[in-house]
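Colleague: give me a model of this one.
(one chain, ligands or ions: 1)
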Amino acid sequence: MKLQNKVAIVTGSSRGIGKATAILFHEEGAKVIVNYKTNKKAALDVVKGFDKGNYLLVQADVSKEADVKRLVAETIEKFGKIDILVNNAGEIIRPGNWKSDVETWDKTFAVNLTSAWLMTKEVVELMKANGGGAIVNIVSVYGFLGAAPVLAYTSAKAGLITMTKSFAKELAPAIRVNAVAPSNVMTDMTKGAGKELIETFRKQTPLKRIAEPEELAKAILFLASDDASYITGEMLVVDGGYSLR
Ligand SMILES: NC(=O)c1ccc[n+]([C@@H]2O[C@H](COP(=O)([O-])OP(=O)(O)OC[C@H]3O[C@@H](n4cnc5c(N)ncnc54)[C@H](OP(=O)(O)O)[C@@H]3O)[C@@H](O)[C@H]2O)c1
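Modeller: This next block holds a predicted model:
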């Protein structure tokens with residue numbers, strides 16, 4: 001068990017990559033805080049096989065500071081410490097291209113970038129008081145490749161790549177901060193792109209398939225665990241070779 005007795009918050013863990021990560025962390029012995037924004041039914045489904053007492057379900061919009069404070073406070077109240085934070089919550093909001101509007105731009109940055117800053121800010125002192133911790137930010141290869149139809153989203157992810165490095169320098173040696181960069185993963189986010197585009201992604205990927213969320217969860221587990229004890233400020237690209245083009 002790689003996460004025995006660890007307490008881990010996974011933001012946006014009712015579906016997709018966050019869900020797979022919460023399930024894997026639980027299997028590895030962690031007490032997991034499963035967070036969702038609106039989809040309580042999906043979140044309940046995630047924890048239905050979990051050991052009683054080893055999880056906490058929290059509704060919180062992590063783009064809002066008050067919700068972030070409540071999420072962290074409820075975690076401390078239940079488990080008394082935080083060892084791991086996975087900043088996974090993210091969303092593509094359309095129209096996302098350069099002709100979009102300020103409201104969409106601001107919302108996109110709030111959920112994909114500001115949320116990770118707010119969450120990190122809130123857990124730092126708690127992690128330090130507990131002897132340290134590990135933070136994993138879920139970025140995207142499009143954060144360094146760019147993608148015009150989702151310009152706001154890719155700009156926010158680029159910010160999160162840089163934020164990962166800045167926090168890694170600032171919070172060392174107590175807290176390691178790393179990122180995982182997927183390309184295209186078979187989740188609701190990718191399904192929203194439509195079958196034709198998914199097939200294009202598949203063809204453009206050297207490994208000739210779209211990733212399963214569980215494959216990302218394994219990379220997140222690696223960076224969150226002591227297996228990565230000498231790694232900080234790093235971005236692990238998990239994309240089947242997609243960004244090699
Ligand atoms: N899928 C991909 O191909 C891909 C590629 C690169 C990067 N990523 C990144 O990987 C992360 C996970 O993506 P995914 O594909 O697994 O997404 P997904 O299947 O669409 O699930 C998104 C999750 O985030 C939650 N969420 C959204 N906004 C939130 C907020 N403001 N506060 C709290 N939770 C919120 C959702 O909760 P509800 O269920 O309540 O709505 C849901 O659990 C994102 O950061 C995404 O940008 C994904």
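Colleague: what is the helix or strand bottoming out on mean pLDDT in the chain packed up against?
Modeller: Every helix and strand of the chain was ranked by mean pLDDT, DSSP states H and E. The lowest is helix 188-191, at a mean of 94. Helices and strands touching helix 188-191, by 3 or more Cβ pairs under 8 Å, 6 or more residues apart in numbering; DSSP states H and E, are helix 195-204. Heads up, the C-betas are built off the backbone N, CA and C, glycines and all.
Colleague: mind listing what's buried along the helix it packs on?
Modeller: Neighbour-count burial for helix 195-204, counted by 16 or more other Cβ atoms under 10 Å, picks out 198, 201.
Colleague: then stretch 82-94?
Modeller: Of the residues in stretch 82-94, those buried (16+ other Cβ under 10 Å) are 82-93.
Colleague: and what of stretch 134-153?
Modeller: Per 16+ other Cβ under 10 Å, stretch 134-153 contains these buried residues: 134-143, 145, 147, 150-153.
Colleague: same thing with stretch 17-29?
Modeller: Neighbour count says stretch 17-29 has 17-28 buried, by 16+ other Cβ under 10 Å.
Colleague: give me every residue in the protein lying close to the ligand.
Modeller: By the rule Cβ under 6 Å from any ligand atom, the part of the chain lying against the ligand is 11-18, 35-39, 42, 61-63, 88-91, 111, 138, 140, 182, 184-185, 187-190.
Colleague: about what we covered before: redo the buried residues of stretch 17-29 as JSON lines? Include secondary structure.
Modeller: Shown next, in JSON lines, are the buried residues of stretch 17-29 (DSSP: H, G, I helix; E, B strand; the rest coil):
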{"residue": "Ile17", "secondary structure": "helix"}
{"residue": "Gly18", "secondary structure": "helix"}
{"residue": "Lys19", "secondary structure": "helix"}
{"residue": "Ala20", "secondary structure": "helix"}
{"residue": "Thr21", "secondary structure": "helix"}
{"residue": "Ala22", "secondary structure": "helix"}
{"residue": "Ile23", "secondary structure": "helix"}
{"residue": "Leu24", "secondary structure": "helix"}
{"residue": "Phe25", "secondary structure": "helix"}
{"residue": "His26", "secondary structure": "helix"}
{"residue": "Glu27", "secondary structure": "helix"}
{"residue": "Glu28", "secondary structure": "coil"}
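Colleague: bridged to the residue nearest to Ser229 when sequence neighbours are not counted, which residues?
Modeller: Of all residues not flanking Ser229 in the chain, Arg176 sits nearest, at 7.8 Å (Cβ to Cβ, 6 or more residues apart in numbering). When bridges are taken as DSSP bridges, the partners of Arg176 come out as Ala134.
Colleague: for the longest helix along the chain, name the packing helices and strands.
Modeller: Ranked by number of residues, the top helix in the chain under DSSP state H is helix 151-171. Using 3+ Cβ pairs under 8 Å, 6+ apart as the contact criterion, the elements in contact with helix 151-171 are helix 102-109, helix 115-129, strand 133-138, helix 142-145, strand 175-182.
Colleague: taking helix 115-129 as reference, get the angle to the third one.
Modeller: What that stands for is strand 133-138. 170 degrees (axes from the mean of the first three to the mean of the last three Cα atoms, to 10 degrees).
Colleague: just want the most central residue of this protein.
Modeller: Asn88 (1.6 Å; Cα atoms, centre = their mean).
Colleague: if we can go back for a sec, tell me the two of the buried residues of stretch 134-153 that are most distant?
Modeller: Ala134 and Leu151 (31.1 Å; Cβ to Cβ).
Colleague: that older thread, just the closest of the buried residues of stretch 17-29 to the ligand, please.
Modeller: Ile17 (3.7 Å; Cβ to the nearest ligand atom).
Colleague: what count of nearby residues applies to Ala116?
Modeller: 31 (other Cβ atoms under 10 Å).
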